[in-house]
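Colleague: for reference, the sequence and a predicted model appear below.
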Amino acid sequence: MIKTRLTQRTAFRLAALVAVIISLTNLVIFSVLFFVISEQLNENLKAHVNEVRQTLADVEVSGGFEGLAAMVNRHAQVAQSNEDIYLLTDTSDRYVAGNIKVIPRFPGWKTIAWNELPLIGSWTVPRASTAVVGRWTPVKNGALFVGDGNGDINDAQHLLLKGLLWGIGLSMLSAIAGGYILGLSAQKRIARMEGVLGAVASGKLEARVPRSPSADDLDHVAALINATLDRLQALIANLRQVSTDIAHDLRTPIARMRQKLEVVQTKRSDLAMYQSAVEETVQEIDGISETFDALLRISEIEAGARKTKFVDVELNSLLINIVDALEAVADERNHRLIGSINSSPPVIVRGDRKLLNQLFINLIENAIVHCPSGTEIRVELTDEDGRPNVKVRDTGAGIPAEEREKVFRRLYRLEKSRSTRGSGLGLSLVLAIAELHGAAVTLADNNPGLIVEVTFPERRDVGSA
Amino acid sequence: MYILIIEDDEQTARLVKQSLVEHGHNVEISNNGESGLKHAAVGGFDVLVIDRMLPGLDGLSIVQRLRSMNVTSAILFLTAVGGIEDRIEGFESGADDYLVKPFALGELVARVTALGRRPPSSYEEFLFKIADLEVNLIRREVKRAGEIIHLQPREFRMLEVLLRNRGRVVTRTMLLEQVWDLELDPKTSIVQTNVSRLRLKIDRPGDIPLIRTVRGLGYRIDDKD
C-alpha cells in the first residue's frame, strides 16, 4: 500500500471542498436571513413608534395640549422597561413633558445613540440596546418626539449570528467527518486495487480485485481492472503456449535433421547419399518454417490486433473460389467435392478476407486429407436469420464424440492421422480465426462422417449494405 | 536487369546476388540503409530487393522515401518480419512484392524476374503463339494445331498467367496468388493438380510439351528448354 499524506488524498480534498461549499451556502442563507429579519424588525420598531405617535396625536385632539402633556408624562413613567423615549416641546422648543431633555428637531427618522440622549432620571438600558430610533411629529402647540430602543433588533441579530457560527461550524465538522469516513473506505478499496496490481506485477497473474455490491464508480474501475487482467493473463498464457509449442514442435525435426546430417558426415558417403540428405534437410526446414509460421500466425490472430482492419466480405464468391481451387485435388483422391453455394443473395460477414480464406481452406483440406478415398465432401452456405452459416460435411470416418473437443488443441492429432502430413495446428488456426470473427465452430456427427459448422454472429447492418 | 540488394546479412546478400547473376542480371549490394537509399535513389535500378530490418535506416523508411522521391523501380521486401500486419504495412509503404525468410532462392529469382518484366499498363500483349499453341486473351480463344481447346475459366486464367511470364518460372505461390487470389500455404497440392489438368488439355500425347515443371519451384511455358 502506498502511503499518502492526508491532504493528498482525493477523498479528503473532496470532503474539504464540500465543507467549504456548505459553509459558503450557509453564509449566503444566513446573510439573507439576517438582512430580511433585521429589516423586518426595523419596520416593526417604526410601526410601533408610528402607533404611539398616532395615539398621542389623537389624545391632543380630544384632550388638548395639556391632556397630551399629561399622557406623555404617564407614558414616560413606564417607558424604561420598553426603552421608549418621549419628548413634548412647545412652540418655542421648550421642554413640556417626556423622559429626555430637549434635543434639536430634525425631519424624518433618525437613529440616536443612547449616550447622546439627554436622559432624565436614572436609566438602566438593556445591554443589547445601543441606540434609539425615532422621529419628530409636529402637534398644534409644539412638537412631539417618540423613539424606541433597538434592543430587540440587536438581540435578534446576535441570535442570528450565533446561529450562523454554530451552523457553519457544525456543517463543516460533519462534512469533514463524513468525507473522512467515506475517504477511508474508498482509500481501503483503492488500497486493495493497489495490492492486486502489485501482486500481478510480481507474477501472481490470477489475482483479481474483489467486487463490491454497490456498483459505484470504484466498482466499475475494479471491473475494468479485472477485465484488463483477464486479457493480460490470456495473452501471457498464449505466449507461454507458443513458446512451449515451438520448443516441442521445432526441436523434434531439428534433432532429426541434425542426426541425418551427422550420419552422412561421419559415414563414408557418396554423392547420391549427400544429395538425398540435402533434399531431406530442405524438406525438414520447409516443415519447420511452416509450423513456425502457423504458430506465430495463431498467436497473432489470438492477440486480436487484426480486428481493426475488418471489411465486408462476401462469403458466396469466397467459398466458390475455394471449392474451385480444391475440386481437382479432391478429384485426385477420388473424393467428390460439392459446393452447395448460391451466388446470390450475397451472404456478407465483417471480416478479414485472407484469414477467412485460410479458415475454409483448412476445413476443406482437412476433410480431403483425412477422409478415406471416395468420400463425398459438401460445402454449404446458408444465412439463417441473418446469421451466416457454413457447413463442411463429409461422409468419412468422423471424429469420436469424446475426441471432438481435443482436436482444437494445438499440435493435437488423432492417433490414426499421425502418419499423414500436417502440423496439428490446422484446427487451432481455424478456431483462432473463427473466434476473431466472433464465429462459433462446432463439430457434429454426419452419420457417417463429420459436420464442421461455422456460425457467424448476426449482422447488425444488413439493410444498409 | 539492374538489381540492387539492400541487405545487411552478408551471406544472404551474396547467395541472392549469385543466383540473380546466374540468371544474367547485373547485381549490386548495399549493406546498410543509408548507403542503400542513396544508391537506389540515383542508380536507376529495375528492381530493388530490400531487407526490412537494416542497421541505420530501416527498409520501410527507405521504400517510403524512394516512393516520395518518385523512384519507380520495382521493390521486393525480403524479410524475417512475416506477420500479416507487417505484410500489409510493407505493401502500403509502396513495395510491389513481399517474400518472407526463409525462402527458396528459386522463388526469389522468379519473383524478381516477374517484377522486372511487368509490361507498362498502357499496353498488354494479348496474342500469344508458342509452337503450335495460339491464344487470344481478348477473345479467350485457345487453339492447339489449329484445333480449338475448351478451357474452364480458372484453367484459362492459369494459362494466361503462364503466358504473360512466357519463358520464365511462375512459382506455385505466384500462381495461387494470381489465379485464386489466395495468399497462403496450402496443405494439399492445389496448384500441381490444377496445372496437371490444364496440361492434359494443352499438351496432348504427341505434342511438344509446353507447360514444363520446374522441379520444387513451379512452372514455365515455353517450347525451348
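Modeller: All right, it came through fine. The model shown is predicted, which means the values in this text are computed figures rather than measured ones.
Colleague: which residue ranges form the helices in the stretch 51-200 of chain A?
Modeller: With helices called from DSSP state H, counting those that start in this stretch, the stretch 51-200 of chain A shows them at A:151-201.
Colleague: chain A contacts on chain B?
Modeller: Contact residues, chain B versus chain A (Cβ under 8 Å from any Cβ of the partner chain): B:82-85, B:88, B:100, B:102, B:154, B:176, B:180-190, B:193-194, B:196-197. Backbone N, C-alpha and C define where each C-beta goes, glycine included.
Colleague: drop anything exposed from these.
Modeller: Buried by 16 or more other Cβ atoms under 10 Å in any protein chain shown: B:82-84, B:100, B:154, B:176, B:180, B:182, B:184, B:186-188, B:190, B:193-194, B:197, out of the residues of chain B next to chain A.
Colleague: ok, residue A:338 to residue A:380 distance?
Modeller: In this view, residue A:338 and residue A:380 are 9 Å apart by Cβ to Cβ, to the nearest Å.
Colleague: same question, residue A:374
Modeller: Taking Cβ to Cβ, one finds residue A:374 at 20 Å from residue A:380.
Colleague: what of residue A:151?
Modeller: From residue A:151 to residue A:380 the distance is 102 Å (Cβ to Cβ).
Colleague: looking at chain B, which residue is nearest chain A?
Modeller: residue B:193 (4.1 Å; Cβ to the nearest Cβ).
Colleague: who's in contact with that residue?
Modeller: A:328, A:329, A:331, A:332 (Cβ atoms under 8 Å, 6 or more residues apart in numbering or on different chains).
Colleague: what's the neighbour count on residue A:234?
Modeller: 14 (other Cβ atoms under 10 Å in any protein chain shown).
Colleague: ugh, wrong one, I meant residue B:11
Modeller: 8.
Colleague: residue A:441: helix or strand, and which one exactly?
Modeller: Taking DSSP states H and E as the criterion, the element that holds residue A:441 is strand A:440-445.
Colleague: and that strand, what does it pack against?
Modeller: Of the remaining helices and strands, those touching strand A:440-445 by 3 or more Cβ pairs under 8 Å, 6 or more residues apart in numbering or on different chains; DSSP states H and E are helix A:426-436, strand A:450-455.
Colleague: pick the most buried one from the ones you listed.
Modeller: Greatest average neighbour count among those goes to helix A:426-436 (a mean of 22), per mean count of other Cβ atoms under 10 Å in any protein chain shown.
Colleague: returning to what we had before: which one's more surrounded, residue A:151 and residue A:380?
Modeller: Neighbour comparison, residue A:151 and residue A:380: the larger count goes to residue A:151, with 19 against 16 (by other Cβ under 10 Å).
Colleague: quick one: the more buried one and residue A:124 touch, right?
Modeller: No. Assessed by Cβ atoms under 8 Å, residue A:151 is found out of contact with residue A:124, at 11.6 Å.
Colleague: helix/strand/coil for residue A:286?
Modeller: helix (DSSP: H, G, I helix; E, B strand; the rest coil).
Colleague: what is the burial count for it?
Modeller: Residue A:286 has 14 nearby residues by other Cβ under 10 Å.
Colleague: give me the subset of the buried ones among the residues of chain B next to chain A lying in strands.
Modeller: Secondary structure defined by DSSP state E assigns residue B:100 of these to strands.
Colleague: between the buried ones among the residues of chain B next to chain A, which is closest to residue B:160?
Modeller: Distances from residue B:160 to these, taken as Cβ to Cβ, are shortest for residue B:154 (10.4 Å).
Colleague: give me the element the residue of the stretch 301-450 of chain A found nearest chain B is part of.
Modeller: Closest contact between the stretch 301-450 of chain A and chain B, by Cβ to the nearest Cβ, is at residue A:328 (4.1 Å). Using DSSP H and E, residue A:328 sits in helix A:315-332.
Colleague: show me what secondary structure element comes after that helix.
Modeller: strand A:336-340.
Colleague: and that following strand, how far out from the chain middle?
Modeller: In terms of Cα atoms, centre = their mean, to the nearest Å, the centre of strand A:336-340 is found 52 Å from the chain centre.
Colleague: stretch A:294-304 too?
Modeller: The answer for stretch A:294-304 is 32 Å, by Cα atoms, centre = their mean.
Colleague: for that stretch, buried residues please.
Modeller: A:294, A:295, A:297, A:298, A:299, A:300, A:301, A:302, A:303.
Colleague: quick one: furthest residue from the center of chain A?
Modeller: residue A:66 (85.6 Å; Cα atoms, centre = their mean).
Colleague: chain B: helices as residue ranges?
Modeller: Remark: helices assigned in chain B by DSSP state H are B:10-22, B:33-43, B:59-68, B:84-93, B:105-116, B:153-164, B:172-180, B:190-202.
Colleague: about what we covered before: strands paired with the strand holding residue A:441, and their directions?
Modeller: Sheet pairing of strand A:440-445 (DSSP bridges) gives strand A:450-455 (antiparallel).
Colleague: tell me where the stretch 1-150 of chain A is predicted with low confidence.
Modeller: Along the stretch 1-150 of chain A, segments meeting pLDDT under 70 span A:1-12, A:80-81.
Colleague: how about the residues of chain A near chain B?
Modeller: Chain A comes close to chain B at residues A:285, A:289-290, A:293, A:296-297, A:300, A:305-306, A:309, A:321-322, A:324-326, A:328-329, A:331-332, A:354-355, A:357-358, A:361-362, A:365, A:368-369, A:421-422, A:426, as judged by Cβ under 8 Å from any Cβ.
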